[in-house]
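Chemist: Only the shape, not the letters, is given here:
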């Protein structure tokens, strides 16, 4: 199927499969609205990408935003946990707690087993 898109920046013609809906997106759960102002060239580019994937522009945008958001959140969480783990590790090395009774008994038992 050939798509022709007219816009203030010109006409673009390209081949793509007809639009289809993503099955993973639940229509009943969509109650919020997102809007974005973009240059005409950018909208044409997004429309072309959506058509090449055979989805609507809305589905393309929602899927792209979901993918990008999940990546950003995952990178943030991994980095945050990694930094927190490093802080705790260094803090434990620099400020070790005093040995508790169980550790003292284990050390004594170890020394006896080693014949010291």
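Modeler: Sure, I can see it. All of these numbers come straight from a predicted model, not from anything done at the bench.
Chemist: give me every residue that touches residue 60.
Modeler: 46, 49, 50, 53 (CB atoms under 8 Å, 6 or more residues apart in numbering). Just so you know, the C-beta spots here come from the backbone N, C-alpha and C atoms, and that holds for glycine as well.
Chemist: Correct me if wrong, but it is in a helix.
Modeler: Yes: according to DSSP: H, G, I helix; E, B strand; the rest coil, residue 60 belongs to a helix.
Chemist: quick one: secondary structure of residue 31?
Modeler: Classification of residue 31 using three-state DSSP returns coil.
Chemist: And the helices in the protein?
Modeler: Applying DSSP state H to the chain gives helices spanning 40-53, 57-94, 101-113.
Chemist: Tell me how far the last one lies from the chain's centre.
Modeler: This points to helix 101-113. Here the centre of helix 101-113 is set off from its chain's centre by 48 Å, with CA atoms, centre = their mean, to the nearest Å.
Chemist: do stretch 94-111 as well
Modeler: Remark: stretch 94-111 is offset 43 Å from the chain centroid, using CA atoms, centre = their mean.
Chemist: Can you name the residues in contact with it?
Modeler: In contact with stretch 94-111 (CB under 8 Å, 6+ apart) are no residues whatsoever.
Chemist: buried residues in it?
Modeler: With burial defined by 16 or more other CB atoms under 10 Å, not one residue of stretch 94-111 is counted as buried.
Chemist: Mind checking the pLDDT average for that stretch?
Modeler: Throughout stretch 94-111, pLDDT has a mean value of 95.
Chemist: Renumber starting at 641 from here on
Modeler: In the new count, where the first residue is 641, that last one comes out as stretch 734-751.
Chemist: coming back round to it: please identify the most buried of the helices of the chain.
Modeler: With neighbours defined as mean count of other CB atoms under 10 Å, those peak in mean count at helix 680-693, which reaches a mean of 16.
Chemist: lowest confidence element among the helices and strands of this structure?
Modeler: Every helix and strand of the chain was ranked by mean pLDDT, DSSP states H and E. The lowest is strand 642-647, at a mean of 53.
Chemist: if we can go back for a sec, can you redo the helices of the chain as JSON lines with distance to residue 674?
Modeler: Listed next are these as JSON lines, based on distance: least, CB to CB, whole Å:
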{"stretch": "helix 680-693", "distance to residue 674": "13"}
{"stretch": "helix 697-734", "distance to residue 674": "8"}
{"stretch": "helix 741-753", "distance to residue 674": "56"}
